[in-house]
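Participant: Need the 3D shape of this:
(one chain, ligands or ions: 1)
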Amino acid sequence: MDMLVIAPHPDDAELGMGGTIAKMISAGWEVGILDLTSGEPTPHGSEALRAEETAAASKALGVSWRQNAGLPNRSLQHTLEARAIVAGYIRQTRPRWLFAPYWKDAHPDHVVATELVEAARFWAKLSKTDLPGEPFHPERIYYYYCIHLRLAVQPSWIVDISEQWDRKLEAIRCFESQFITGRPSEPPTLLDRFRDDAAYWGRLINRRYGEPFATREPLAVTSLRDFF
Ligand SMILES: [Zn+2]
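Facilitator: Next up is the predicted model:
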């Protein structure tokens, strides 16, 4: 696997980096999503409905590998047991790169998810453990923005998702219980807001739509020609 996107709740991967996921799948990369929890309960959702919505969103993006780690929603904790579960998925899928939520957030599940993914990445490489599979260490860990705070965080880079915006919106729309039911029907709707966000990031790189990412470690490029 080239990229494993780890999300606290089903819909975070789509909101944060659905365009990039679709873009890299179109380029022939193997991209998987690991949802840590069911994301339920929510005001208009249910476990069954959210699972249906998740399957539809995966199809919209072209994601063929997606699983749910079954950890507790709303009370996600960085326990050794949870770390072992996530490390097990990393050893099983062996992604070159990991993607985790940005580290500052109002939602405690998101903050814990970031810590959990970082610790699980380290554990995944350990030998002489009872973790499943063989030791493996993803080369890089990057952070997508799915932030429940109104922060203007300077990204490390922005992916041009102008051609993938429609697919991203289609995937987000699949989560009707989260973004459409009970939400404002007059403009700006929640979906309008998401478009505005994508347009803002796009404007910063002189493109129509963009998706921001952060990294704690320096980026490596083979040539400055990759910049634009
Ligand atoms: Zn979330």
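Participant: all contacts plus neighbour counts: C-alpha atoms, from now on.
Facilitator: Fine.
Participant: For A13, see how far away D109 is.
Facilitator: Distance from D109 to A13, counting by C-alpha to C-alpha, to the nearest Å: 14 Å.
Participant: my bad, V112
Facilitator: On the measure of C-alpha to C-alpha, V112 and A13 end up 16 Å apart.
Participant: Give me the more crowded residue out of those two.
Facilitator: Neighbours per residue (other C-alpha atoms under 10 Å) separate V112 from A13, with A13 holding more: 27 against 20.
Participant: my read is that one is in a strand, agree?
Facilitator: No: using DSSP: H, G, I helix; E, B strand; the rest coil, the assignment for A13 is helix, not a strand.
Participant: Surely it touches G19?
Facilitator: No: between A13 and G19 there is no contact under C-alpha atoms under 8 Å: 9.7 Å.
Participant: got a list of contacts for stretch 90-108?
Facilitator: By C-alpha atoms under 8 Å, 6 or more residues apart in numbering, the surrounding residues in contact with stretch 90-108 are 1-8, 74-76, 110-111, 113-115, 117, 120-121, 124, 132-149, 214.
Participant: Turn the buried ones among the residues you listed into a named PyMOL selection, would you?
Facilitator: A single PyMOL command selects the buried members of the contacts of stretch 90-108 (16 or more other C-alpha atoms under 10 Å):
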select buried, resi 2+3+4+5+6+7+8+74+76+110+111+113+114+115+117+120+121+124+133+134+135+136+137+138+140+141+142+143+144+145+146+147+214
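Participant: Please narrow the contacts of stretch 90-108 to those residing in helices.
Facilitator: If you go by DSSP state H, the contacts of stretch 90-108 have 110-111, 113-115, 117, 120-121 in helices.
Participant: Just the closest of these to D197, please.
Facilitator: Distances from D197 to these, taken as C-alpha to C-alpha, are shortest for H110 (19.5 Å).
Participant: Pretty sure that closest one sits against P10.
Facilitator: No: taking contacts as C-alpha under 8 Å, H110 lies outside contact range of P10: 12.0 Å.
Participant: would TSV of the ones in helices among the contacts of stretch 90-108 with pLDDT and distance to D192 be doable?
Facilitator: Below are the ones in helices among the contacts of stretch 90-108 laid out as TSV (pLDDT from 0 to 100; distance: C-alpha to C-alpha, whole Å):
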residue	pLDDT	distance to D192
H110	98	24
V111	98	26
A113	98	27
T114	98	28
E115	98	31
V117	98	31
A120	98	36
R121	98	36
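Participant: On the pLDDT front, check the residue in the chain sticking out farthest from the centre for me.
Facilitator: Of all residues in the chain, K128 has its C-alpha farthest from the mean position, at 30.5 Å, by C-alpha atoms, centre = their mean. For K128, the model assigns a pLDDT of 96.
Participant: tell me the SS of R183?
Facilitator: Recorded secondary structure, R183: coil (three-state DSSP).
Participant: got it, and L98?
Facilitator: Following three-state DSSP, the label given to L98 is strand.
Participant: so how many other residues sit close to it?
Facilitator: Here the number of neighbours of L98 (other C-alpha under 10 Å) works out to 24.
Participant: Need the nearest residue in space to it, chain neighbours excluded.
Facilitator: Using C-alpha to C-alpha, 6 or more residues apart in numbering and skipping residues adjacent in sequence, the residue nearest L98 is I141, 4.6 Å away.
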